[in-house]
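Q: Model the structure of this input:
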Amino acid sequence: QCGCNITAAPLVVKDKVIIGISGGDYASRGFVDAYYAETGKHAWRFYTVPGPGEKGSETWPSPDVAKRGGGAVWAGGAYDPALNLVYYGTGNPNPDYWGDDRAGANLYTCSLIALDADTGTLKWYHQFTPHDVHDWDSTQVPVLGDITFGGQPRKVVMFANRNIFFYVFD
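A: All right, here's what the predicted structure looks like:
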């Protein structure tokens with residue numbers, strides 16, 4: 001029904017099983033879903049391409065274009081128990097090499113998204129390649145780590161992006 005598939009292992013967080021949906025090349029709208037592990041009941045969904053009236057929808061030219069906007073989540077995520085956040089990288093907008101009919105930044109494609117693990121609410125994001133026309137998916141697995149920066153310990157999210165840059169988020 002959605003022209004999508006699953007290509008990554010799910011992430012089990014507390015009482016939920018969380019999985020990203022791939023299929024941006026099928027002209028579908030990407031999302032991350034959570035299900036209750038014990039019952040299989042749907043807990044929440046975060047669309048990687050916002051719908052009409054949602055924050056970020058203004059970065060798409062129309063709801064019709066956004067419906068086939070891409071933003072596949074075809075790699076695994078990471079969970080930070082201290083912040084109760086799940087992190088996922090998102091894929092390219094659709095179509096991937098031609099953007100003339102999808103003017104705008106095309107949020108939340110080619111991004112790292114941080115979602116509340118309990119509710120799926122977007123806490124923050126970073127879009128690496130606004131209005132991507134190079135197929136620079138940002139679907140690498142986010143790596144959580146502890147580093148020292150300026151003599152101070154920091155908890156970070158590291159991301160080796162397909163656009164050739166390595167990012168560290170504090």
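Q: following the lowest-mean-pLDDT helix or strand in the chain, which helix or strand comes up?
A: Here the helix or strand of the chain ranked lowest by mean pLDDT, DSSP states H and E is helix 63-67, holding a mean of 92. Moving toward the C-terminus from helix 63-67, the next helix or strand (DSSP states H and E) is strand 78-80.
Q: which helices and strands sit right next to the next helix or strand after that next one?
A: Where DSSP H and E defines the elements, the next helix or strand beyond strand 78-80 is strand 85-89. Applying 3 or more Cβ pairs under 8 Å, 6 or more residues apart in numbering; DSSP states H and E, we find strand 85-89 packed against strand 78-80, strand 111-116. In this view, the C-beta of every residue, glycine as well, is placed from N, C-alpha and C.
Q: list the contacts for the closest residue to F31 other than its chain neighbours?
A: Using Cβ to Cβ, 6 or more residues apart in numbering and skipping the chain neighbours, the partner closest in space to F31 is Y47 (4.8 Å). For Y47, the contact set (Cβ atoms under 8 Å, 6 or more residues apart in numbering) comprises 29-31, 54, 71.
Q: which regions of this structure lie under the pLDDT threshold?
A: 1-2, 24-25 (pLDDT under 70).
Q: go again using 80 as the cut-off
A: Under the criterion pLDDT under 80, the flagged ranges of the chain are 1-4, 22-26.
Q: Contact partners for the residue nearest the centre of it?
A: Centroid check for the chain by Cα atoms, centre = their mean gives T90 as the closest residue, at 3.7 Å. Contacts for T90 were tallied using Cβ under 8 Å, 6+ apart; they are 30, 48, 71-73, 108-113, 137-139.
Q: Flag every buried residue along the strand ranked longest in the chain.
A: Assignment by DSSP state E gives strand 152-160 as the longest strand of the chain. When neighbours are counted by 16 or more other Cβ atoms under 10 Å, the buried residues of strand 152-160 are found to be 157, 159.
Q: same check, this time on stretch 128-138
A: For stretch 128-138, by 16+ other Cβ under 10 Å, it's 128-129, 132-133, 135-138.
Q: now it, how far from the chain's geometric center?
A: 13 Å (Cα atoms, centre = their mean, to the nearest Å).
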